[in-house]
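Enquirer: Return atomic coordinates for the entry below.
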Amino acid sequence: MTVTMTLRARLRELPLAAAATACLLSFAAFWMAQRAANVTMLDLSVYRAEGETVLAGGDLYAMRATSANLPTTYPPFAALLFTPLTLLGVPEMRTLATAGNLLLLLALVHLSLRLVGRDRPGAALWVAAVLVWLEPVWTTLRYGQINLLIAVAVLWDLTRRENNRWAGVGIGLATAVKLTPGLFVVLLLAVGVARARAHGWERGWNPWLRQAATATGVFIGVTVASAVVLPYDSRRFWTQMIFETSRVGRKEETANQSLNGVLARLLHTTDPGVWWLIAAAVVGVAGLTVAVLAALRDDRPVAVVACATTALLVSPISWSHHWVWCVPMLILLATRVRPAWTVGTALVFASFALWWVPHAPAPVRLELHQNGWQMLLSGLYTLVGLSLLAAFGVRRWRTSRTA
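Expert: Model (predicted):
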């Protein structure tokens, strides 16, 4: 009897061992490919320089770092978080960042599977082994970016049980580091208010309102604390730098996969102006509406992916590495649509197509002279995002008519 039970236990462990081996081999190949490509991790070096500037008492938003002369673009709280990087040498910092980001990818896949109710032993390992080769993931590690950390913090909140007292902390911290996740606070608030109106305010705060309040409180708390530590830099950021989107980069760059970037290339201009404002307003309202309606019908996976996609589309600049949200997007599609559609979407994010078209750093502006096919290739992420929101909206409309 004991021998039989032991044999069964070992047989159950085989798929998990195979998944772990496949994931480890894929990650190792990815790491070697990154080293062969001689990645520079420019953004990680900027983060380290921000930490050094804070410790030296320098002007955070006058700082320039690396050979690309890159400035600080995040709120002061982010610079405070980056100070531990100054304790490491550059080689050690890059190694730790690569290993940490690979673990964060595994966490993002795990949380995405939990979001759609498909979290099985070994599943995250198999999926991560494949999705590590997507362009947004590759570019995140190439630059040493924090996109995976932001996505994990947000999804950690949105996959908690409703009565979890810590739910909201991740979104609040993510918004304090990078403002874009703040749209999730709007989603939580809108759903919370709608449910309170439907079920009566006398029942007290529902979990959505409580989570929105927690996220807002955490954001305000760490932002005020940062202002106490860095009063001059905080005043400059919140009164001046937050409005200077040009510090982040050129709108028309091929890597900018937001509506703003697509319109700039389409109109052959460095600033789409009012056209972007109109497009962002329409898509923002429509996308957030889709997310809220999905949440009200207890379809949290669609609500989360729709909100993330909307934030990426309406942001002034959404670099291709910001689209690591393609990980939960693809996992959601794999559970809802035909395999061909999921594979097709995955190929878009794995094709590196946006780098096939002419592009060059300033002052050369090759992106302003793209032809039709080149514009299509350099706007695929945006088209996928718009198509996804449209599909969610149409499906919700048809479901409502049937009901």
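Enquirer: who touches the closest residue to L141 other than its chain neighbours in this structure?
Expert: Once flanking residues are discounted, L141 sits nearest to N101: 5.1 Å by Cβ to Cβ, 6 or more residues apart in numbering. Bear in mind the C-beta positions are built from the backbone N, C-alpha and C, glycine included. N101 sits next to T140, L141, G144, L148 when contact means Cβ atoms under 8 Å, 6 or more residues apart in numbering.
Enquirer: which of these sit farthest apart?
Expert: G144 and L148 (10.9 Å; Cβ to Cβ).
Enquirer: How about stretch 208-217, which residues are buried there?
Expert: W208, L209, R210, Q211, A212, A213, T214, A215, T216 (16 or more other Cβ atoms under 10 Å).
Enquirer: same thing with stretch 255-262?
Expert: A255, N256, Q257, S258, L259, N260, G261, V262.
Enquirer: Same check on stretch 150-166?
Expert: For stretch 150-166, the neighbour count (16+ other Cβ under 10 Å) marks I150, A151, V152, A153, V154, L155, W156, D157, L158, T159, R160 as buried.
Enquirer: And R142, which helix or strand is it part of?
Expert: Assigned by DSSP states H and E, R142 belongs to helix 135-143.
Enquirer: how far away is T72 from V54?
Expert: 10 Å (Cβ to Cβ, to the nearest Å).
Enquirer: just F82 next, same as before
Expert: Distance from F82 to V54, by Cβ to Cβ: 8 Å.
Enquirer: hey, what's in contact with both of T72 and V54?
Expert: L60, A79.
Enquirer: Looking only at neighbour counts, state which of those two leads.
Expert: Neighbour count, other Cβ atoms under 10 Å: between T72 and V54, T72 has more, with 26 against 22.
Enquirer: Need the residues touching each of F82 and V54.
Expert: With Cβ under 8 Å, 6+ apart, F82 and V54 have no common neighbours.
Enquirer: so what does the helix holding R142 touch, helix or strand wise?
Expert: Helix 135-143 sits against helix 2-36, helix 42-56, helix 90-115, helix 147-158, helix 339-350, with contacts defined as 3 or more Cβ pairs under 8 Å, 6 or more residues apart in numbering; DSSP states H and E.
Enquirer: hey, which of the ones you listed is tucked in deepest?
Expert: helix 147-158 (a mean of 24; mean count of other Cβ atoms under 10 Å).
Enquirer: still on that earlier bit, could the helices and strands packed on helix 135-143 go into JSON lines alongside mean pLDDT and distance to A123?
Expert: Shown next, in JSON lines, are the helices and strands packed on helix 135-143 (pLDDT from 0 to 100; distance: least, Cβ to Cβ, whole Å):
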{"stretch": "helix 2-36", "mean pLDDT": "76", "distance to A123": "8"}
{"stretch": "helix 42-56", "mean pLDDT": "94", "distance to A123": "30"}
{"stretch": "helix 90-115", "mean pLDDT": "95", "distance to A123": "6"}
{"stretch": "helix 147-158", "mean pLDDT": "96", "distance to A123": "16"}
{"stretch": "helix 339-350", "mean pLDDT": "94", "distance to A123": "15"}
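Enquirer: Let me have those in CSV, extended by distance to Y232.
Expert: Below are the helices and strands packed on helix 135-143 laid out as CSV (distance: least, Cβ to Cβ, whole Å):
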stretch, distance to Y232
helix 2-36, 38
helix 42-56, 11
helix 90-115, 27
helix 147-158, 26
helix 339-350, 41
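Enquirer: To R195, which of the ones you listed lies closest?
Expert: helix 147-158 (15.8 Å).
Enquirer: Identify the residues contacting the closest one?
Expert: So helix 147-158 is contacted by 101, 104-105, 107-108, 111-112, 115, 136-137, 140, 167-171, 173-174, 177-178, 181, 184, 211, 215, 300, 304, 308, 321-322, 324-325, 327-328 (Cβ under 8 Å, 6+ apart).
Enquirer: export that helix as CSV, just CAs?
Expert: C-alpha atoms of helix 147-158 as CSV (Å, rounded to 0.1, in the frame of the first residue of the first chain):
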residue,chain,number,x,y,z
ASN,A,147,6.7,47.4,-15.9
LEU,A,148,6.5,43.8,-14.6
LEU,A,149,6.7,45.0,-11.0
ILE,A,150,3.9,47.5,-11.6
ALA,A,151,1.6,44.9,-13.3
VAL,A,152,2.2,42.4,-10.5
ALA,A,153,1.4,45.0,-7.8
VAL,A,154,-1.9,45.8,-9.5
LEU,A,155,-2.9,42.2,-10.2
TRP,A,156,-2.0,41.2,-6.7
ASP,A,157,-4.7,43.6,-5.5
LEU,A,158,-7.3,42.5,-8.0
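Enquirer: And that helix, how far out from the chain middle?
Expert: Chain-centre distance of helix 147-158: 8 Å, with Cα atoms, centre = their mean, to the nearest Å.
Enquirer: what do you get for stretch 109-128?
Expert: 18 Å.
Enquirer: mind checking the end-to-end distance for it?
Expert: Start and end residues of stretch 109-128 are separated by 6 Å (Cα to Cα, to the nearest Å).
Enquirer: Repeat that for stretch 29-43.
Expert: Across stretch 29-43, first to last residue, Cα to Cα, it's 23 Å.
Enquirer: swap in stretch 58-75?
Expert: 15 Å.
Enquirer: Other residues contacting that stretch?
Expert: 40, 42-43, 45-46, 48-50, 53-54, 76, 79, 176-179, 223, 226, 230, 232-234, 236-238, 241, 247-248.
Enquirer: The same query, at a cut-off of 7 Å, please.
Expert: With contacts defined as Cβ atoms under 7 Å, 6 or more residues apart in numbering, stretch 58-75 is touched by 42, 45-46, 49-50, 53-54, 76, 79, 176-178, 223, 230, 233, 236-237, 241, 247-248.
Enquirer: Can you pick out the most distant pair from the buried residues of stretch 255-262?
Expert: Going by Cβ to Cβ, the pair spanning these furthest: A255 and L259, at 14.5 Å.
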